[in-house]
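Engineer: Attaching a predicted model along with its sequence, questions to come.
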Amino acid sequence: MKRLDLSATSVIGICAVILALTSFCEAGSARTDPPLKCHVCDPESCKDWNKKSEPKECTINDLNRDNIGPSKLSNFSYIPFSQLHKKVPEFLCQKIEAYDIRGMYIVRKCQLKLPGNESCVNFYKNLNADPEKTYTNATCHLCDNFNGCNSSGLIYIWAPLLLSSIVLCLLIK
């Protein structure tokens, strides 16, 4: 691999550009106000779900609507807004994966932000209290670090920039 001979000023300039691009990309995905957008699907619609689908903005009205579905998973993870006694709720994106003898089921939805991962704790309590014990295994994931974070396989935008800066450092003497 051929190495580049760059002056200290050039190296500082290149690093400043990489830092500025990274900051710009992070600022674009950072949330500055409450409306978080999450992917929403029940076990039936998640089968045909596309990673390129647009996340939907979380609202209080959607909490009741997302509780409706053919699966008990939505009911197990439902938390009514009235329990929180807040005027403006904060949201998380939630992804639930559950398994039974027929296969895997996925639910993606908006969820109320509760202290101490309580949204998943409530889900597991409700799942364990099910007298039919339909699901043999289940996982619950919560996130609010970027819009649509309850999808799978997303790569952060800054990952390519970080990789390019490492390659650049290897090329520089």
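Structural biologist: Great, that's in hand. Numbering: from 1, shown residues only.
Engineer: only C-alpha atoms for contact and neighbour calcs from this point on.
Structural biologist: OK.
Engineer: Ranking helices and strands of this structure by mean pLDDT, which lands last?
Structural biologist: helix 158-171 (a mean of 57; mean pLDDT, DSSP states H and E).
Engineer: Please parse the chain into its domains.
Structural biologist: 8-32+155-171, 37-143 (automatic domain parsing).
Engineer: Least confident of these, on average?
Structural biologist: Note on the domains of the chain: lowest mean pLDDT is at domain 8-32+155-171, with a mean of 57.
Engineer: so Ile96 touches Cys110, yeah?
Structural biologist: No. Using C-alpha atoms under 8 Å, Ile96 is not in contact with Cys110, being 11.3 Å away.
Engineer: all helices of the protein, in order?
Structural biologist: 8-29, 43-47, 60-66, 72-76, 118-128, 158-171 (DSSP state H).
Engineer: what's in contact with the fifth one?
Structural biologist: Residues from elsewhere that reach helix 118-128, judged by C-alpha atoms under 8 Å, 6 or more residues apart in numbering: 73, 76-79, 111-113, 133, 135, 140-142.
Engineer: Kindly recompute the last result at 10 Å.
Structural biologist: 72-79, 92, 94-96, 111-114, 129, 133-142 (C-alpha atoms under 10 Å, 6 or more residues apart in numbering).
Engineer: What's the local residue count around Pro131?
Structural biologist: For Pro131, the neighbour count with other C-alpha atoms under 10 Å is 7.
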